[in-house]
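1. Structure, please.
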Amino acid sequence: MIARRNLLILAAAVLAGPFISAAEAQEPFRVALILPMTGASQSTGRQIDAAVKLFMKEHGDTVAGRKVEVLLRDDAGVADTTRRLAQEAVVRDHVQIIAGFGLTPLAMSSAPIATQGKVPMVVMAAATSSIMAASPYIVRVSQVLPQPAVIAADWAAKNGLKSVVTLVSDYGPGYDAEKWFVERFKAAGGTVPESLRVPLANPDFAPFLQRVADAKPDALYVFVPAGFGSAFAKQFVERGLDKSGIKLIGTGDMTDDDLLNGMGDAMLGVVTAGPYSASHDSAMNKRFVADFKAGNGGMRPNFMAVFGYDGMQAIYKAIEKTGGKGDGLALVDAMKGLSFESPRGPVMIDAATRDVVLNIYMRKVERRDGELYNTEFETFSNVFDPAKPKP
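-> Model (predicted):
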C-alpha cells in the first residue's frame, strides 16, 4: 500500500509538470535571509535587510501567483550559527531559497546544506572566489574580490606607483585581494616590499601600520571587510600615515559609504576600486538612495545594500521564469544568464560560473554638499572574475 501510494504521488508530480498546484499557490515562497544583524559585521546585515525590505515595498510581495515571505535570521557572524540556521530553514521551515551570508566563512558553512537540501543559495555579500566551487546550488550577486583587486593594480601601475605594501584582513577575501593585486602589479613592473595580514577578529592595525611607515612605499593598498573601515582609518591617522606622503589605495570596502562620513577629512583623496558608490550617477541610483534614506532614518546605502537589492531582483526574476515553482535546480537554472539594471549599473549572472559580472569603478573620496563621497572617475565594464576562465 505504501509503495502504491508513493507511485501515485510521483505520478501526480509528473503530471503537474511546470504548473503550480493549488496547494503550492497557497503556500508562500519562503526565503531565509541569514545575516549578521549583531556582532562585528552588523552593518552588513543592517544594510542588506533594509535593501530587501525596500525592494519588496517597491515590487510587492507576490510573484507568479506566490506570496514571497522573507524569514530574517541573525547569525551574529558566527559560522556554526549560520550552518544551524540554514539547516533549520531548510528542514523545519521548508524554505525555497537561503540567502544573505555576510562573510566567506558563513557562506562556506552553509554550502553543504544547500547541496543536501537541493535549495538555491543566493550569496549577497561573501566575496571569496572559491565559494562557487562549494555547491552547484550557489548563485552570487555581490562581487568577487579579484575583480576590484586587478583594477586597482592596473590603476596603480598606470599612475606611476612603483612600490606598494599590501595590508589585508587575514581570511579568504583578503587572500584574494592580496594575490590578485600583487600578481597584477608585479606583472606591470611594480614591487611589493611587504604583504601584511591583520587578524579578522578584534583587529589591531597599529603594529602593521608601523611596518608600513618603516617600509616607506609609494602607496599602501588595503582590504578590510565592510564595517571595519572606521577602525582602520582611525589608526591610520593616529600613526600619522595620513601625513607621511604614502598614498592610500584599496578596494571599495575600505571607504564604505555607510561609514565614510565618520572617517573624517583624512580620507579625502583616497582612491579605491569598487562596484558601487552612493553617488553613482544614474536615475535608478538616485531614486534608490533617496528611498533607502527615507525608509531608514537617513542612513546612506552602501555596496552591501545594493547587493541585497540585487539578490531580491534575481530571486524575483527566477520565480517569474519558473512560474512560481520552488524546485531548486529550476530556480538555479533560471538565475543563470540573468542580466538586469541595478543601482550600481548593469549586472549579469554568468551562466557558466553562476558568478556575478559587473562594472568596477575607480573612485576618489571627495567632499560634496558637506559630505564625503566616493566619486567615480573611471569605469571598467563587464568585469569577470579573473580567477575563473572567461567564456
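
2. So residue 151 versus residue 251, what's the distance?
-> Distance, residue 151 to residue 251, using Cβ to Cβ, to the nearest Å: 9 Å. (C-beta placed from N, C-alpha, C; glycine too.)

3. anything in contact with each of the two?
-> Common neighbours of residue 151 and residue 251, counting by Cβ atoms under 8 Å, 6 or more residues apart in numbering, are residue 273.

4. For these two, work out which one has more neighbours and name it.
-> residue 251 (30 against 25; other Cβ atoms under 10 Å).

5. shouldn't that one be in contact with residue 272?
-> Yes: assessed by Cβ atoms under 8 Å, residue 251 is found in contact with residue 272 at 6.1 Å.

6. Give the residues shared as contacts by the two.
-> Counting by Cβ under 8 Å, 6+ apart, the residues touching both residue 251 and residue 272 are 148, 152.

7. where do the helices sit along the chain?
-> 2-16, 22-26, 42-59, 79-91, 104-117, 146-158, 172-187, 206-215, 229-238, 260-263, 283-295, 303-321, 328-335 (DSSP state H).

8. Could you export those helices to CSV, including columns for mean pLDDT and distance to residue 36?
-> CSV is the format used below for the helices of the chain (pLDDT from 0 to 100; distance: least, Cβ to Cβ, whole Å):
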stretch, mean pLDDT, distance to residue 36
helix 2-16, 36, 38
helix 22-26, 56, 32
helix 42-59, 97, 5
helix 79-91, 98, 9
helix 104-117, 97, 7
helix 146-158, 98, 22
helix 172-187, 97, 15
helix 206-215, 96, 24
helix 229-238, 92, 16
helix 260-263, 94, 20
helix 283-295, 98, 19
helix 303-321, 98, 11
helix 328-335, 97, 24
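
9. Ignoring the adjacent residues along the chain, who's closest to the spatially most central residue of the chain?
-> In the chain, the centroid-proximal residue (Cα atoms, centre = their mean) is residue 125; its distance is 2.7 Å. Take residue 125 and drop its neighbours on the chain: the residue closest to it by Cβ to Cβ, 6 or more residues apart in numbering is residue 102, 4.7 Å away.

10. The one you found and residue 142 touch, don't they?
-> No: taking contacts as Cβ under 8 Å, residue 102 lies outside contact range of residue 142: 10.0 Å.

11. which parts of stretch 79-98 are buried?
-> Of all the residues in stretch 79-98, those buried under the rule 16 or more other Cβ atoms under 10 Å are 79, 81-90, 95-98.

12. Need the max-distance pair from those residues.
-> 79 and 96 (23.2 Å; Cβ to Cβ).

13. and the closest residue in space to residue 285 that isn't next to it in sequence, backbone torsions?
-> Among residues not flanking residue 285 along the chain, residue 343 sits closest, at 4.1 Å (Cβ to Cβ, 6+ apart). Main-chain dihedrals, residue 343, degrees, to the nearest 10: phi -60, psi -20.

14. Please give me every residue in contact with residue 343.
-> Shown in contact with residue 343 (Cβ under 8 Å, 6+ apart): 276, 280, 282, 284-285, 288-289, 301, 306, 309.

15. pLDDT wise, what is the residue nearest to the centre of the chain at?
-> At residue 125, the model reports a pLDDT of 97.

16. what do you get for the one 10 residues further on?
-> Reading off the per-residue confidence, residue 135 sits at a pLDDT of 98.

17. May I have the residues that are in contact with it?
-> By Cβ under 8 Å, 6+ apart, the residues touching residue 135 are 111-112, 114-115, 121.

18. Then residue 118?
-> Applying Cβ under 8 Å, 6+ apart, the residues near residue 118 are 137, 328-329.

19. Pull out the buried residues from the residues you listed.
-> With burial judged by 16+ other Cβ under 10 Å, the buried subset of these is 137, 328.

20. tell me which of the contacts of residue 118 is nearest to residue 350?
-> Proximity of those to residue 350 (Cβ to Cβ) peaks at residue 137, which lies at 15.7 Å.

21. where's that closest one relative to residue 70, distance?
-> 19 Å.

22. which residue sits closest to residue 244, ignoring its sequence neighbours?
-> With sequence-adjacent residues excluded and distances taken as Cβ to Cβ, 6+ apart, residue 244 is closest to residue 213, at 6.2 Å.

23. What count of nearby residues applies to that neighbour?
-> Neighbours of residue 213 (other Cβ under 10 Å): 15.

24. where's residue 151 relative to residue 184, distance?
-> Distance, residue 151 to residue 184, using Cβ to Cβ: 9 Å.

25. nope, residue 319 is what I meant
-> If you go by Cβ to Cβ, the gap between residue 319 and residue 184 works out to 39 Å.

26. more neighbours, these two?
-> Of the pair residue 319 and residue 184, residue 319 is the one with more neighbours under other Cβ under 10 Å, namely 24 against 20.

27. which residue sits closest to that one in space, ignoring its chain neighbours?
-> residue 63 (4.4 Å).

28. For that neighbour, give me its contacts.
-> 29, 316, 319-320, 324.

29. any idea how far it is from residue 56?
-> Per Cβ to Cβ, residue 63 is found 10 Å from residue 56.

30. count of residues packed around the nearest residue to residue 72 once chain neighbours are set aside?
-> Distances taken as Cβ to Cβ, 6+ apart put residue 33 closest to residue 72, at 5.0 Å, once the chain neighbours are dropped. If you count neighbours by other Cβ under 10 Å, residue 33 ends up with 27.

31. Name all residues that make contact with residue 33.
-> By Cβ under 8 Å, 6+ apart, the contact set of residue 33 is 48-49, 52, 70-73, 99-100.
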